[in-house]
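1. only geometry, no sequence info:
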């Protein structure tokens, strides 16, 4: 905070430049409060006096917000699986089920996955057998931000950029900021907790693969096989986008408008691959 005060004294954080800046923090909020009138008292929310300014800056100086503690949490990832097998001289069977639950380390970041496998071989006759393999998995994931994944068709890699990166925010954000306050970012009110709770993407992926192999041996040195292997992947993404009219930039107005939720739009995208 002492560095900010020294910058302000040297003219770097003056009212004209900071109040109209694209992104601002403590001083931007301070100048904003100096310009807003409290409807109940009829006075400015922050008086332009040395005593009021010193008190406001002192609160920011001793705030020491631990962003890692607020944005990240301790969690336990669980994996459970069960399998069963049986067989005799005419058939062999194997089946397994597994469940994975990862609550995530950050807000709006969690994954659930369910997987099932089946492998059965039947000896219909001495020279005729049937092998059936089935694999199915279902994944339900929630991730911060609204940017989808991109696939590199050359290297076969899947990558996803984050328009909201909690780690980057916690690493680069000043500890003088109030986690319950809205500051200016890209000329708009921004609060990381509010952003994470209302800006996320739901991803649902269903993957199914089936294979059947029929083998016939009409003679000892001759074998005929018929193979069929259908598969399908269905991906469904849902991104709730809250659109509200914000006539002012103050936290009270923003919270009131967010509570009203005048218009809520859901953008859905479904893609299917075979």
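-> Structure received. All values reported here derive from a predicted model rather than from experimental measurement. Numbers count the residues shown, from 1 in each chain.

2. assumed residue 16 was part of a helix.
-> Yes: secondary structure of residue 16, determined by DSSP: H, G, I helix; E, B strand; the rest coil: located in a helix.

3. number of residues surrounding it?
-> 8 (other C-beta atoms under 10 Å). (C-beta placed from N, C-alpha, C; glycine too.)

4. any idea how far it is from residue 239?
-> Residue 16 sits at a distance of 38 Å from residue 239 (criterion: C-beta to C-beta, to the nearest Å).

5. same question, residue 201
-> Plainly put, residue 201 is 5 Å away from residue 239 if you go by C-beta to C-beta.

6. same deal with residue 181?
-> In this structure, residue 181 lies at 26 Å from residue 239, with C-beta to C-beta as the measure.

7. so which of those two has more stuff around it?
-> Just comparing residue 181 and residue 239: by other C-beta under 10 Å the higher neighbour count belongs to residue 239, 18 against 13.

8. now that one: which helix or strand?
-> Mapping residue 239 onto the secondary structure by DSSP states H and E places it in strand 231-243.

9. again with residue 155
-> Per DSSP H and E, there is no helix or strand for residue 155.

10. show me where the stretch 101-250 of the chain has its strands.
-> Read by DSSP state E, counting those that start in this stretch, the stretch 101-250 of the chain holds these strands, from start to end of the chain: 110-125, 128-144, 149-152, 157-160, 183-185, 188-190, 200-219, 222-228, 231-243.

11. weakest of these by average pLDDT?
-> Ranked by mean pLDDT, these bottom out at strand 157-160, which scores a mean of 62.

12. excluding its backbone neighbours, what's nearest residue 15?
-> Among residues not flanking residue 15 along the chain, residue 31 sits closest, at 5.1 Å (C-beta to C-beta, 6 or more residues apart in numbering).

13. of all the residues in stretch 218-225, which ones are buried?
-> Residues of stretch 218-225 include none that count as buried (16 or more other C-beta atoms under 10 Å).

14. pull up the distance across that stretch, start to finish.
-> Between the start and the finish of stretch 218-225 there is a gap of 11 Å, counting by C-alpha to C-alpha, to the nearest Å.
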